[in-house]
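Trainee: Just the structure for this:
(2 chains)
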Amino acid sequence: MSLQRPLEMTDEQILEAILREDASAQRLLYEKFARKMFGVCLRYTKQREEAEDLLQEGFIKVFQKISSFKAEGSLEGWIRRVMVNTALDHLRQQKMLWTDLAEIKEEGDEPVIGQEIGAAELMAELQKLPIGYKTVFNLHAIEGYSHKEIGGMLGISEGTSKSQYSRARNQLMILVQELNKENSYTTK
Amino acid sequence: MSRFEDQFKNAFDHFEPEVDPKLWQQISQQLPSAPQNPGASGSAGTTGKGIIAQLGIKGIAAILTAATLTILGVNYWIQKDDKAAEKNSTTLLNENPLPVDNSASLPLPSEQEKAQKETVISSSQEMNPSSEKTVNSSTENKNKLDQKISIENALTGDFNKGKGESTPGKDSPTPALVVKNTSVAVTKPVSNEIEAEPKNHAEPVAPLQKTVKPVLILSTKGGFAPLPVTAITNQEGNVNAVFDFGDGKSPMVGSTANNTFEEPGTYTVSCEINGITLEQKVTVFGQVPSAFSPNGDGINDLLTITKDANITIEIMIFNRNGKLMFTGKGNNLFWDGTFEGRNADAGTYLYNIFATSDGGATFKQKGTIHLFR
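Mentor: Model prediction:
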């Protein structure tokens, strides 16, 4: 006999409970997405504490605006956008200067990240990048926005986004190659 | 997008790092519908208490009594209210379970007690739209359960009080439990799902054969705090089981439930389904700290791996190059941040833990520790 059993409460069930003011439902929603969203917040920050601040602020926004969520896209996607926007708000407050640099063309092969290198380690490398590189890399490579969209979000030109991105990518490749080297020493 | 970026994207897509449990407390304090609800009659405390204050003790007693009576098989109240609920919640009864414009149909917490009451009734209707037309007694039975549950849900803050009065709790089984357990009606909700031979009602044996014996399944029997646990039942279809994780949080309703145990301890997870209460135990161990600073300032100089007498831990700590820095086994383990008599470098260390509880359950855990100087 095949048993149908969803592994967890569906987004719809949680949403419905939140909208009817079920006190435990907000927590359910938080527990369901907090870890994943913490991963998102970490990518846009340098330190854990900073990411915790973002996560906290982001979730408060989520609960304030949840009644405006339209069931058109996924709930997770919507929460993620709230988190990313919160991160960008913080970035804007820093009033950083964007320098338009020439795009870099990489030479040589793209490194393949070793299997033993986990997400936590990649995160540590990504966090080392300058904030501009990191933000553009996140928005383009992970979140999937175009350079044009990123330009609009950050108030920079499309070209600046591209140059920041190519430099971010280049620097990440170097960091990954170093990681791979470290790991190959330890296996010997 | 070329392969290099994809590797990052793939890694991060499934990255769900631990979140400090304190964060939720901070968030919940800043929420508008947070527990601190200055209730209408000035009763401080939980939202549940606020609602009770607004409804009045008599009102609550009436609802709970009515719920109990309906479980015992008195149909009048529920049938009357079915009609009332139909009137109240016609907008909620459509196919889409998500009211898009909730401002129209769901009242805000600041509104009157009457509105609160209506929400309770209409939301239960919403949970089980199929009961709208049926006069079938088994569906009604289910509907009653829904009704009861949603009333209790509305009282989440004070759930245990309601439980003592109307719900068959694990500590004090009430007559309702007995009645539901023994009467033919118990098997009906399940056989109703299958929709087979409704004439067989006279013989209780036939439906029982189609009933799957309820089983409570937990995603894990133990691990380190904070420990996320999913509880599921083996029942098919639209099941409304009441899950209580035994850690003081409000019970949850559904076919499955998730909970994260924040504090170490042994918890009894219970699940009440069709009047039967099932239990499983979960052992939660204290978390290994994520950071320590062995600089002699008296604050976090030692990494406390465990001092729990009920658990034996075997740990290996490696540096980033894979060199074994520390290893130990026991139930009172510390690392002072030295290696061969010299201070280990500041940085990230990886650990592997193999743990055994007194009860014989075993767990593995991997993680990172930050050493600051």
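Trainee: Count the neighbours of B:Q29 for me.
Mentor: Number of residues near B:Q29 (other Cβ atoms under 10 Å in any protein chain shown) recorded here: 11. C-betas here are computed from N, CA, C, even on glycine.
Trainee: ah, wrong one, I meant B:G322
Mentor: Per other Cβ under 10 Å, the neighbour tally for B:G322 reads 14.
Trainee: Give me the three-state assignment for it.
Mentor: Secondary structure state of B:G322, per DSSP: H, G, I helix; E, B strand; the rest coil, is coil.
Trainee: And it, how close does it get to B:T233?
Mentor: Distance check for B:G322 against B:T233: by Cβ to Cβ, to the nearest Å, it reads 44 Å.
Trainee: cool, A:Q94 as well?
Mentor: A:Q94 is 50 Å from B:T233, where distance means Cβ to Cβ.
Trainee: Convert stretch B:315-326 to PDB, retaining C-alpha atoms only.
Mentor: Coordinates of each C-alpha in stretch B:315-326 appear next as PDB, following Å, rounded to 0.1, in the frame of the first residue of the first chain:
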ATOM      1  CA  ILE B 315      35.200  13.400  19.500                       C
ATOM      2  CA  MET B 316      38.000  14.100  17.100                       C
ATOM      3  CA  ILE B 317      39.000  17.700  16.300                       C
ATOM      4  CA  PHE B 318      40.900  18.500  13.200                       C
ATOM      5  CA  ASN B 319      42.500  21.600  11.900                       C
ATOM      6  CA  ARG B 320      41.900  22.900   8.400                       C
ATOM      7  CA  ASN B 321      44.800  20.800   7.100                       C
ATOM      8  CA  GLY B 322      43.200  17.600   8.500                       C
ATOM      9  CA  LYS B 323      45.600  17.200  11.300                       C
ATOM     10  CA  LEU B 324      44.200  15.600  14.500                       C
ATOM     11  CA  MET B 325      44.400  18.200  17.200                       C
ATOM     12  CA  PHE B 326      42.400  16.600  20.000                       C
END
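Trainee: do it and chain A meet at all?
Mentor: Yes - Stretch B:315-326 is in contact with chain A by Cβ under 8 Å from any Cβ of the partner chain, via B:320-323.
Trainee: Could you identify which of those residues has the most neighbours?
Mentor: Among the residues of stretch B:315-326 next to chain A, B:R320 has the most neighbours (other Cβ under 10 Å), with 17 neighbours.
Trainee: what's near enough to touch it?
Mentor: B:R320 makes contact with A:182, B:347-350, according to Cβ atoms under 8 Å, 6 or more residues apart in numbering or on different chains.
Trainee: Please point out which parts of stretch B:352-369 sit buried.
Mentor: Neighbour-count burial for stretch B:352-369, with 16 or more other Cβ atoms under 10 Å in any protein chain shown as criterion, is recorded at B:353, B:355-357, B:361, B:363, B:365, B:368-369.
Trainee: That one near chain A anywhere?
Mentor: Yes - contact of stretch B:352-369 with chain A (Cβ under 8 Å from any Cβ) involves B:T368.
Trainee: Could you tell me the end-to-end distance of that stretch?
Mentor: Stretch B:352-369 has an end-to-end distance of 11 Å (Cα to Cα, to the nearest Å).
Trainee: Could you name the helices and strands sitting against the longest helix seen in chain A?
Mentor: Assignment by DSSP state H gives helix A:158-187 as the longest helix of chain A. Under the contact definition 3 or more Cβ pairs under 8 Å, 6 or more residues apart in numbering or on different chains; DSSP states H and E, helix A:158-187 sits against helix A:119-128, helix A:131-137, helix A:147-154, helix B:3-13.
Trainee: ranking those by burial, who's on top?
Mentor: Mean neighbour counts were compared across the helices and strands packed on helix A:158-187 using mean count of other Cβ atoms under 10 Å in any protein chain shown; the top stretch is helix A:131-137, at a mean of 23.
Trainee: For that one, which outside residues touch it?
Mentor: Here helix A:131-137 makes contact (Cβ under 8 Å, 6+ apart) with A:43-44, A:46, A:87-88, A:91, A:94, A:96, A:98, A:126-127, A:129, A:150, A:154, A:161, A:164-165, A:167-169, A:171-172.
Trainee: if we go to 7 Å?
Mentor: Outside helix A:131-137, the residues that touch it by Cβ atoms under 7 Å, 6 or more residues apart in numbering or on different chains are A:44, A:91, A:96, A:98, A:126, A:129, A:150, A:161, A:164-165, A:167-169, A:171.
Trainee: Tell me the one among those nearest to B:T256.
Mentor: Closest approach to B:T256 among the contacts of helix A:131-137 (Cβ to Cβ): A:Y44, at 32.4 Å.
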